[in-house]
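Peer 1: sequence-free structure coming up:
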């Protein structure tokens, strides 16, 4: 924990123990919402209740939005049915929609029905979009003017809007309400008041559609150094905007999701503090891995019926072949998954990636094959009688098998992310334990088959 949060926690705990609400309120008035949220995550529910009792509604709303999902789930139980709608109504519409999306449907419907009509309609509209789409993360509050308006009229509209969010441009629509471009604020400040807005439009404004995936939105911001981007519906009508701070949140969510997937778990694990909930999610991934390792054991048992000396020598190198081939495949899949996630052009073009990675795989496999052969040579001369097996054949078998296993593993690491992406599955799964376990089984089978065949 950072020093500032640690110090805040040390100051808060005595006030919570004595239930000194006035002193607690005074202390929290000068704190950032993000710092309060980090401290709230460490408190029990009774102390959380005290903290929310002294917070202003606007601050309580920000704290509720910033705590992790598991803490938020418990806070929904701590807060009364009257408090939740009041707090949520203080949030931006996109944040409110996210929080309602975490609640059970019946609870979300009840809270939504308690909100003012204007808020209810805006939030309900956002909740109809996929939570991972541009429509699901956009802010529906935008300022738009007609292309026939003057700068004076546009400025008056901005003043009348009284929005409390930062904005960087004014969006322009035609008579049909369709988006035609935007006008930067600096132009409104530097041009004569009677200038027609339509004459200042930037026709090359970058936009996204409501159904655009949030990962693609993030890549659009990154590639074009954007601060804000307008969101259009299927009829090219302006329905919202996405700002850079929201995209930063999306980037963190996507990175965390990929990390959990590659580790063999799921972000849903953080929805609750329950150990049983987390264990169930992890076992969903680990049980197939257990089956995969059992298959590897069966492969080893099958080859045991062949030349015993060759089998014993080959078995000694199974951990090496599984580890090296598995990690070689993981390296390739990690590079491809990262490229696909960031929208890097080279990663999107399979032929370019294939040409590069196959050459790398060949060099890696050749190097590991030669080093494996050297290790095999040392083992044969120190542990295996020369009359029991022909050394040259066994060394050749080891090197060839290791080279082949690494090439196969690397090829799987290259192909699977593209295949998963094509069929709509998160490519990060190709770097997870399920595929890694399958990769190990295939590599060991190839290794043992070639070794037994070439050295027998």
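Peer 2: Done, it's in. Fair warning: this is a prediction, and the values are worked out from it, not measured in the lab. Numbers count the residues shown, from 1 in each chain.

Peer 1: for the chain, what's the longest helix?
Peer 2: When the chain is parsed with DSSP state H, its longest helix is helix 350-383.

Peer 1: quick check: mean pLDDT across it?
Peer 2: Averaging pLDDT along helix 350-383 yields 80.

Peer 1: same thing with stretch 15-33?
Peer 2: Mean pLDDT, stretch 15-33: 88.

Peer 1: which residues outside that stretch are in contact with it?
Peer 2: For stretch 15-33, contacts defined as C-beta atoms under 8 Å, 6 or more residues apart in numbering pick out 8, 11-12, 36, 43, 47, 50-51, 53-55, 59, 62-63, 66. Quick note: C-beta positions are derived from backbone N, CA and C, even for glycine.

Peer 1: ok, so of the residues you listed, who is nearest residue 139?
Peer 2: residue 62 (15.6 Å; C-beta to C-beta).

Peer 1: just checking, next helix/strand downstream of the helix or strand hosting residue 180?
Peer 2: Assessed by DSSP states H and E, residue 180 sits inside strand 179-184. Using DSSP H and E, the helix or strand that follows strand 179-184 towards the C-terminus is helix 185-190.

Peer 1: outside of that following helix, which residues touch it?
Peer 2: 151, 154, 155, 167, 168, 169, 170, 200.

Peer 1: may I see the buried residues of that helix?
Peer 2: 187, 188 (16 or more other C-beta atoms under 10 Å).

Peer 1: please work out the average pLDDT along it.
Peer 2: 84.

Peer 1: now do that helix: distance to the chain's middle.
Peer 2: Here the centre of helix 185-190 is set off from its chain's centre by 38 Å, with C-alpha atoms, centre = their mean, to the nearest Å.

Peer 1: return the helix or strand in the chain with minimum mean pLDDT.
Peer 2: Ranked by mean pLDDT, DSSP states H and E, the helix or strand of the chain with the weakest confidence is helix 345-348, at a mean of 57.

Peer 1: coming back round to it: what helices or strands is the longest helix of the chain leaning on?
Peer 2: Applying 3 or more C-beta pairs under 8 Å, 6 or more residues apart in numbering; DSSP states H and E, we find helix 350-383 packed against helix 308-316, helix 318-342, helix 345-348, helix 391-422.

Peer 1: got a list of what residue 139 touches?
Peer 2: 92, 93, 94, 165, 240, 241, 242, 243, 246.

Peer 1: okay, those residues in CSV with pLDDT, neighbour count and secondary structure next?
Peer 2: Shown next, in CSV, are the contacts of residue 139 (pLDDT from 0 to 100; neighbours: other C-beta atoms under 10 Å; DSSP: H, G, I helix; E, B strand; the rest coil):
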residue, pLDDT, neighbour count, secondary structure
92, 84, 18, coil
93, 85, 21, helix
94, 84, 22, helix
165, 64, 10, coil
240, 89, 25, strand
241, 90, 25, strand
242, 90, 26, strand
243, 87, 20, strand
246, 85, 21, helix
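
Peer 1: run through the stretch 1-150 of the chain and note the low-pLDDT ranges.
Peer 2: The stretch 1-150 of the chain contains residues with pLDDT under 70 at 1-2.

Peer 1: show me where it has its strands.
Peer 2: Using DSSP state E, counting those that start in this stretch, the strands of the stretch 1-150 of the chain run over 144-146.

Peer 1: can you pick the most crowded of the contacts of stretch 15-33?
Peer 2: Within those, residue 63 tops the neighbour count with 28 neighbours, counted by other C-beta atoms under 10 Å.

Peer 1: not counting residues beside it along the chain, what's closest to the residue positioned nearest the centre of the chain?
Peer 2: For the chain, residue 254 is the residue whose C-alpha lies nearest the centre (C-alpha atoms, centre = their mean; 1.7 Å). Spatially, and ignoring its direct neighbours in sequence, residue 254 is nearest to residue 215 (5.6 Å; C-beta to C-beta, 6 or more residues apart in numbering).

Peer 1: torsion angles phi and psi at the one you found?
Peer 2: Backbone geometry at residue 215, expressed as degrees, to the nearest 10, gives phi -70, psi -40.

Peer 1: residue 197 now?
Peer 2: The phi/psi pair for residue 197 (degrees, to the nearest 10) is phi -60, psi -40.

Peer 1: hmm, back to that, among the contacts of helix 185-190, which are located in strands?
Peer 2: 169, 170 (DSSP state E).

Peer 1: for residue 135, state which of the contacts of helix 185-190 is nearest.
Peer 2: Distances from residue 135 to those, taken by C-beta to C-beta, are shortest for residue 167, at 19.3 Å.

Peer 1: for residue 143, see how far away that closest one is.
Peer 2: 6 Å (C-beta to C-beta, to the nearest Å).

Peer 1: what does residue 27 give?
Peer 2: Counting by C-beta to C-beta - residue 27 and residue 143 are separated by 38 Å.

Peer 1: residues near the nearest residue to residue 54 once chain neighbours are set aside, how many?
Peer 2: Using C-beta to C-beta, 6+ apart and skipping the chain neighbours, the partner closest in space to residue 54 is residue 25 (3.9 Å). A count of nearby residues for residue 25, using other C-beta under 10 Å, gives 15.

Peer 1: can you pull the contacts of the residue nearest to residue 120 when sequence neighbours are not counted?
Peer 2: Setting aside the residues directly before and after it, residue 120 is nearest to residue 112 in space (C-beta to C-beta, 6+ apart), at 5.8 Å. Residues in contact with residue 112 (C-beta under 8 Å, 6+ apart) are 100, 120, 123, 124.

Peer 1: right, and the third one touches residue 96 too?
Peer 2: Read that as residue 123. Yes: if you go by C-beta atoms under 8 Å, residue 123 and residue 96 touch, sitting 5.2 Å apart.

Peer 1: find the residues that touch each one of those two.
Peer 2: Both residue 123 and residue 96 lack any common contact, where contact means C-beta under 8 Å, 6+ apart.

Peer 1: tell me how far the closest residue to residue 58 other than its chain neighbours lies from residue 323.
Peer 2: Distance criterion C-beta to C-beta, 6+ apart; nearest residue to residue 58, sequence neighbours excluded, is residue 90 at 5.1 Å. Distance from residue 90 to residue 323, counting by C-beta to C-beta: 53 Å.
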